[in-house]
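Trainee: A structural model of the following input is requested.
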Amino acid sequence: MNIPLISSQSASRNPFNRREFLGRFGMGLGAIALADMLPGDASAASDHGVLGAPHFAPKAKRIIYLFMSGGPSQLDLFDYKPLLKERNGEQLPDSIRGSQRLTGMSGNQASIPLVGSPFKFSQHGKSGAWFSDQLPHTAAIADDICVVRSMFSEAINHGPGVTFLQTGSQIPGRPSIGSWLSYGLGQENANLPAFVVLITKNKGGQPLGAHLWGSGFLPARHQAVLLRAAKDPVLYLGNPAGVSDTSRRLMLDRLRELHEHQLQETPDVEIQSRIDQYEMAFRMQTSVPEVADLSGESAEVLDSYGADVRTPGTFAANCLQARRLAEKGVRFIQLYHQDWDHHGGLPSALPAICKETDQPAAALIKDLKQRGMLEDTLVVWGGEFGRTNYCQGKISTNFGRDHHPRCFSIWMAGGGIKPGSVFGETDEFGYNVVSDGVHVHDFHATLLHLLGIDHERLTYKFQGRRYRLTDVEGKLVKGILA
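Mentor: Here you go, the predicted model:
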């Protein structure tokens, strides 16, 4: 680009003032830099995403992620440790704890007594996987799922822990998993977003922030759309009183013209994102109410998810909604269910929350399988970390467990996952991983692999560096693949 020199005399005749000249000059340099990035960003605007096509044949087309916010206790659900009952009340051995960090909630305890699970465990399925009696419905689908007992993380508190699992970084600001998939693979259904979030209503526990489903430094159109349990599932999607669809279409057409004019003057990808989002919102006025309407579901299907399915915003209703969204081509469907943070009252609180989630989660797997969708739908169940093998505070009949990122359990099903299997092992105290550890970055690398993406090749240049979901780490967990 040739930028002519301007003398003091010619400057007085120039129609632009100094501020305008500097602005145009800056935009000229910005346009040069933007031109280098546009091939990737322009292709990202298509339905095929920046990749155009997966790196290799995918096993899964979509992901439904059932996130149990708060840290479910693996020792009371999946990771059976009879030794803890035998040594109930004894101190956690120094040889097991080592120099590992404890939270401020239990790190200053004079006593760190081991505490066994108050629940009964039994083996299920061909793999003989152990399940607590609090998960009878999940135990019944043991041959359809893979239980991973060896997850681990560095994050010991909820905020960083949840952010890490959702974005690959403990610090807010990075794109979430669904945003990376939207950016890389695009939309399958032009009338619905690639990434949708549903949150169980009226739950307590640690707060959930929009950064967990945000697009970070990726273009804004890759952030999730939050569906609410309300008359209008998406805020401001409906027309105001007195405004017809025809009037709204005319308004959007004129607004698009203004944005396109601005885009010619200021080549900014966020302007294109704004155009895309307005158009998507218009199409969603029809598609969202249709997918949110459960009236067409049979009584048999509704009953399989449990009585709560008929109440909008419950976990059961959201699980059924997730299946409907998956059918319509939504690529990443994120469900959040809070209140798993049991620092106290675990023997009474855990059964209550399992009752809310066990049947719907198992019904989702059965429903997908019956419809022939499980083979290309990856379902994930899990939280941000696990719970300690020792009691927080003094042992009582209604004890609690502290945060424990050193090992925790999740389960996965469908979409290329080895069914009826158990992966990884922890020590007899349930405190450390002893084989086949799966770090958060490994987990993310495997999710992307199942959708046909090499995690090292899906990147975005931001502030001079190429970022990816797995940062600079992550390896494929081959042992859980079918």
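Trainee: is it true that Pro136 touches Asp358?
Mentor: Yes. Counting by C-beta atoms under 8 Å, Asp358 is a contact partner of Pro136 at 6.8 Å. Where you see a C-beta, it was placed from the backbone N, CA and C, and this is true even at glycine.
Trainee: dihedrals phi and psi, Gln123?
Mentor: phi -90, psi 150 (degrees, to the nearest 10).
Trainee: residues contacting it?
Mentor: 129-131 (C-beta atoms under 8 Å, 6 or more residues apart in numbering).
Trainee: out of Pro136 and Asp358, which sits in the more crowded spot?
Mentor: Using other C-beta atoms under 10 Å, the more surrounded residue of Pro136 and Asp358 is Asp358, with 23 against 15.
Trainee: circling back to that earlier point, among the contacts of Gln123, which ones are buried?
Mentor: In the contacts of Gln123, burial by neighbour count holds for 129-131, counting by 16 or more other C-beta atoms under 10 Å.
Trainee: where strands are concerned, which of those residues count?
Mentor: The strands, defined by DSSP state E, take in 129-131 from these.
Trainee: tally up the residues packed near the closest residue to Asn189 other than its chain neighbours, please.
Mentor: In this structure, Asn189 finds its nearest non-sequential neighbour in Gly329, 3.5 Å apart by C-beta to C-beta, 6 or more residues apart in numbering. Using other C-beta under 10 Å, the number of residues around Gly329 comes to 15.
Trainee: ditto for Tyr65
Mentor: By other C-beta under 10 Å, 22 other residues sit near Tyr65.
Trainee: related to what we said a few turns ago, could I get the ones in strands among the buried ones among the contacts of Gln123 in JSON lines, plus columns for distance to Ser179?
Mentor: Listed next are these as JSON lines, based on distance: C-beta to C-beta, whole Å:
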{"residue": "Ala129", "distance to Ser179": "33"}
{"residue": "Trp130", "distance to Ser179": "36"}
{"residue": "Phe131", "distance to Ser179": "34"}
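Trainee: make CSV out of those residues and add distance to Ala316 and pLDDT.
Mentor: Putting those into CSV (distance: C-beta to C-beta, whole Å; pLDDT from 0 to 100) gives the following:
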residue, distance to Ala316, pLDDT
Ala129, 24, 97
Trp130, 25, 98
Phe131, 20, 98
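Trainee: between the contacts of Gln123, which is nearest Ile417?
Mentor: When those are ranked by distance to Ile417 (C-beta to C-beta), Ala129 comes first, at 13.8 Å.
Trainee: number of nearby residues for Glu86?
Mentor: 11.
Trainee: grab the nearest non-local neighbour of it.
Mentor: Gly116 (7.6 Å).
Trainee: could you pull up the contacting residues of that neighbour?
Mentor: So Gly116 contacts 81-82, 84-88 (C-beta under 8 Å, 6+ apart).
Trainee: and it, that's in a strand?
Mentor: No. Gly116: not assigned to a strand; according to DSSP: H, G, I helix; E, B strand; the rest coil it is coil.
Trainee: okay, the nearest residue to Gly49 once chain neighbours are set aside: pLDDT?
Mentor: With C-beta to C-beta, 6+ apart as the criterion, Gly49 has its nearest non-adjacent residue at 3.4 Å, and that residue is Gly186. We have a pLDDT of 95 for Gly186.
Trainee: neighbours around Gly186, how many?
Mentor: Gly186 has 21 neighbouring residues, counting by other C-beta under 10 Å.
Trainee: and the one 3 residues further on, by the same measure?
Mentor: The burial metric for Asn189, expressed as a neighbour count using other C-beta under 10 Å, is 17.
Trainee: what about it, which SS state?
Mentor: Under the three-state scheme (three-state DSSP), Asn189 adopts coil.
Trainee: show me what contacts it?
Mentor: By C-beta under 8 Å, 6+ apart, Asn189 lies in contact with 287, 328-330.
Trainee: so which of those residues wins on neighbours?
Mentor: Of the contacts of Asn189, with other C-beta under 10 Å as the count, Val330 tops at 24 neighbours.
Trainee: without its sequence neighbours, what residue ends up closest to Thr311?
Mentor: Ala317 (6.2 Å).
Trainee: any idea how far the one you found is from Met373?
Mentor: Ala317 is 19 Å from Met373, where distance means C-beta to C-beta, to the nearest Å.
Trainee: those two - which one has more neighbours?
Mentor: Ala317 (24 against 18).
Trainee: which pLDDT does the model give the more buried one?
Mentor: Ala317 is assigned a predicted lDDT (pLDDT) of 96.
Trainee: now the phi/psi pair for Thr388, please.
Mentor: Dihedral pair for Thr388: phi -70, psi 160, per degrees, to the nearest 10.
Trainee: swap that for Ala361, sorry
Mentor: Dihedral angles of Ala361 (phi, psi; degrees, to the nearest 10) stand at phi -60, psi -40.
Trainee: got a pLDDT number for it?
Mentor: Ala361 is assigned 98 on the pLDDT scale.
Trainee: go on, Gly242?
Mentor: Predicted confidence (pLDDT) for Gly242: 72.
Trainee: so Gly49 touches Trp180, yeah?
Mentor: No. If you go by C-beta under 8 Å, Gly49 and Trp180 don't touch, sitting 9.8 Å apart.
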